[in-house]
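Peer 1: Provided below are the primary sequence and the corresponding predicted coordinates.
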Amino acid sequence: MIEIMTQEASSVEMKHLVTKLIPDSIGKLISKECNSIFPLKDVYIRKVKITKAPRFDVHKLMELYPGLDEVGTAVETK
């Protein structure tokens with residue numbers, strides 16, 4: 001099970017990993033792979049721990065949130 005989770009997590013970016021975790025497609029894959037050893041039922045991923053923080057890239061952040069480049073107007077203080 002650990003190998004399946006490591007392989008799935010290392011093959012995609014963080015954004016795509018979250019989209020895999022939400023519909024529980026990794027849990028179904030684990031259930032299918034372990035079925036030959038012991039039949040599993042209702043396999044869910046309950047907790048995810050990040051062991052190594054991803055590199056911070058400003059350009060990728062700006063791609064995720066378009067429109068943050070806009071500068072607002074100055075506010076007058078009294």
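Peer 2: Cool, the structure landed. Bear in mind the structure is a predicted one, so any value in this text is a computation, not a measurement. Numbers count the residues shown, from 1 in each chain.

Peer 1: Using CSV, write down the CA coordinates of the helix or strand that contains Glu63.
Peer 2: If you go by DSSP states H and E, Glu63 is part of helix 58-64. C-alpha atoms of helix 58-64 as CSV (Å, rounded to 0.1, in the frame of the first residue of the first chain):
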residue,chain,number,x,y,z
VAL,A,58,6.1,32.5,-7.8
HIS,A,59,5.4,31.9,-11.4
LYS,A,60,3.3,28.8,-10.8
LEU,A,61,1.4,30.6,-8.0
MET,A,62,0.5,33.4,-10.4
GLU,A,63,-0.7,30.8,-12.9
LEU,A,64,-3.1,29.4,-10.3
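
Peer 1: And that helix, what does it pack against?
Peer 2: Using 3 or more Cβ pairs under 8 Å, 6 or more residues apart in numbering; DSSP states H and E as the contact test, no helix or strand touches helix 58-64. Just so you know, the C-beta spots here come from the backbone N, C-alpha and C atoms, and that holds for glycine as well.

Peer 1: gap between that helix and the chain center?
Peer 2: Centroid separation for helix 58-64 versus its chain: 16 Å, with Cα atoms, centre = their mean, to the nearest Å.

Peer 1: Equivalent analysis for stretch 18-28, please.
Peer 2: That offset, for stretch 18-28, works out to 9 Å (Cα atoms, centre = their mean).

Peer 1: Would you mark the buried spots in it?
Peer 2: For stretch 18-28, the buried set under the neighbour-count rule, 16 or more other Cβ atoms under 10 Å, comprises Lys20, Leu21, Ile26, Gly27.

Peer 1: can you tell me which two in those are farthest apart?
Peer 2: Farthest-apart pair in the buried residues of stretch 18-28 is Lys20 and Gly27; separation 9.9 Å (Cβ to Cβ).
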